[in-house]
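need a 3D model of the following:
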Amino acid sequence: MNLFAEIRSLVVASLDDMVAAGELPAGLDTANVAVEPPRDAAHGDMATNAAMVLAKPAGMAPRAIADALAARLVADPRVVTAEAAGPGFLNLRLAPAVWQGVVRAALGAGRDFGRSTLGQGARVNVEFVSANPTGPMHVGHTRGAVFGDALASLLDFAGYKVTREYYINDGGAQVDVLARSAFERYREANGLSPEIAEGLYPGDYLIPVGEALKAKFGTRLLDQPESVWLADVREFATEAMMAMIRDDLALLGVTMDVYSSEKALYGTGKIEAAIETLRGMDLIYEGTLEPPKGKLPEDWEEREQTLFRSTAHGDDVDRPVKKSDGSWTYFAPDIAYHYDKVTRGFDQLIDILGADHGGYVKRLKAVVSALSNGRVPLEVKLIQLVKLWKNGEPFKMSKRAGTFVTLRDVVEQAGADVTRFVMLTRKNDAALDFDFDKVLEQSKDNPVFYVQYAHARVSSVLRKAAEAGIATDDATLAAADLGRLDHEAEIGLAKKIAEWPRLVEIAARGQEPHRVAFYLYEVASDLHALWNRGNEDTSLRFVQADAATSQAKIALARAAGVVISAGLAILGVTPVEEMR
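Alright, predicted model coming up:
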């Protein structure tokens, strides 16, 4: 049940009736007619821009359209008043029975309340984390993992068919550095002093890898040249790092559907096939590029390269795909990887990257546009930095990692649920402060506590009712006399619950799971406010002397619990039954 969609359908049907009656000209496009909460709740329950949108194409004054539309809308029993305001907005007030019906609908649907068909089953690939397999994930990866997982859950809830994917960057020079670093820990495991030269990975996390290498190879590799052991150690260390990454993701509650390997693109003809596909579109050519901005002519060595004509698909400059020595650029395997995703039949691609990858956005969009003939859109979501604080000071680096705070450090300090919720309290492209003291305090200023406390309060109401012998299963509550919910605070909470289906679609369209976190805080605020008013006005308490009144009021609390539980599930947070 999406009440806002239902009222919008009523508005559009009323406009059609006006056309049939000759009050409006035929052929008007109502696609931009919206029904949404008014900016000021004092103005009504919902507002529509219909008169504003249609005034110019209809050749009429917006106020005239609004007045005529209002007369038709109030004929519907759901609409109590319809009043034109300002230049032609129409503010609506709905009957209490409408809001009471929302409570009943939420109880009937359970955690599927608000689930949408917006996506129409479209196949979406969400690629996220994709950290280099050279060590444990850091706090930046943590935010990207939480955002990507929550976005995937949100899109699934909104009717898309989602694939979560991790791209293993195991084809570049960094995995050779990993192998050399692991080899030093192998030497250490054999009683020799490791030589952690500058440029190698110094973290203690490679010590067990060195010990495992010793267990497998003994001392056989110690006196061998790098050319003998590099490939074997690289494969062994990469697999060990990916096992660590999978464990870290599991600690955070993230499970991938697909792991794709960059290394698998080399030597298999996949890069060549992707480049030849672009060449067949006249998008690959031999040429030279202009000097980068800020370079003086004498600093620039002009050389012919193999280039992708990315400017034909919206990029600022064409991009090299092959170096002058004949080797592939970093961009070439990215082309092949995205070509693979396109050929797998996805309707939309979403890449979630660190903010430092902002310069890659246009070229990636260009190549996906080219390889899919414009059929498959690519959205790139950039994840801004996270600043960690504890005891009023920046949280120090992890000795185990060597240079940074790890995902495991954060989760072990704060817990997975707190970590996930807090990481979603800001839009992905805004910097985020993560203060360990604040995220663990029990106050209204801590959103995860405040939302969890609201859910726990709903659970406590159900327990108290059960102790009093009051039936509180959803079917019984849905059949209760919800007309007893007539106080403004009760109707207010029901109105907030009614926003959930609309919020889901707005958040899914904008690919903004943080909106879910904000909404849950608002629901919690309304529930806590109603609870606190019950401390002064006993008639507002959820459990009353008679079962019928109790069941109506408990139905409202339970409906709030339904949307909180559904929203937390999208965020990947487990709702609590009681606070400790």
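
C-alpha only now, for contacts and for neighbours.
Fine.

shaky segments in this protein?
Low-confidence segments of the chain, defined by pLDDT under 70, span residues 294-300, 397-402, 580.

let's check: the centremost residue of it is which one?
Central residue of the chain (Cα atoms, centre = their mean): residue 151, 2.5 Å from the mean position.

after the strand or helix carrying that residue, heading C-terminal, what element do we hit next?
Per DSSP states H and E: residue 151 is located in helix 139-157. Per DSSP H and E, the first helix or strand lying C-terminal to helix 139-157 is strand 161-168.

residue most distant from the centroid, the protein?
Here the chain reaches farthest from its C-alpha mean at residue 223, the gap being 50.0 Å by Cα atoms, centre = their mean.

leaving out chain neighbours, which residue sits closest to the residue nearest to the centre of the chain?
Counting by Cα to Cα, 6 or more residues apart in numbering, residue 151 lies nearest to residue 513, which is 5.6 Å off, once chain neighbours are set aside.

how about the helices in the stretch 401-550 of the chain?
For the stretch 401-550 of the chain, the helices defined by DSSP state H, counting those that start in this stretch cover 407-414, 416-423, 436-440, 447-467, 474-478, 488-498, 500-510, 514-536, 547-571.

tell me what the longest one is packed against?
When you say that, I think you mean helix 547-571. If contacts are counted by 3 or more Cα pairs under 8 Å, 6 or more residues apart in numbering; DSSP states H and E, helix 547-571 sits against helix 96-109, helix 139-157, helix 447-467, helix 474-478, helix 488-498, helix 514-536.

who wins for proximity to residue 368 among the ones you listed?
Distance to residue 368, taken as Cα to Cα, is lowest for helix 139-157 among the helices and strands packed on helix 547-571, at 19.9 Å.

show residues contacting that closest one.
With contacts defined as Cα atoms under 8 Å, 6 or more residues apart in numbering, helix 139-157 is touched by 115-116, 119, 126-129, 131, 161-164, 249, 252, 254, 352-354, 383-386, 405-407, 410, 420, 423-424, 428, 504, 507-508, 511-513, 570-572.

residue 415 - how many residues pack around it?
Residue 415 has 15 neighbouring residues, counting by other Cα atoms under 10 Å.

for residue 106, same thing?
So residue 106, with other Cα under 10 Å, has 28 neighbours.

need the contact list for it.
Contacts of residue 106 (Cα under 8 Å, 6+ apart): 113, 559, 562, 563.

may I ask which two of those residues are separated the most?
Farthest pair in these (Cα to Cα) is 113 and 559. Separation: 9.5 Å.

which one of the two is surrounded by more residues?
residue 559 (31 against 23).

residues in contact with that one?
Residue 559 neighbours (Cα under 8 Å, 6+ apart): 103, 104, 106, 107, 497.

again, only using 10 Å
By Cα atoms under 10 Å, 6 or more residues apart in numbering, residue 559 lies in contact with 102-111, 113, 458, 474, 477-478, 493-494, 497-498, 553, 565.

so among these, which ones count as buried?
Neighbour-count burial (16 or more other Cα atoms under 10 Å) is assigned, among these, to 102-108, 110-111, 113, 458, 474, 477-478, 493-494, 497-498, 553, 565.

chain center to stretch 80-87: distance?
Remark: stretch 80-87 is offset 37 Å from the chain centroid, using Cα atoms, centre = their mean, to the nearest Å.
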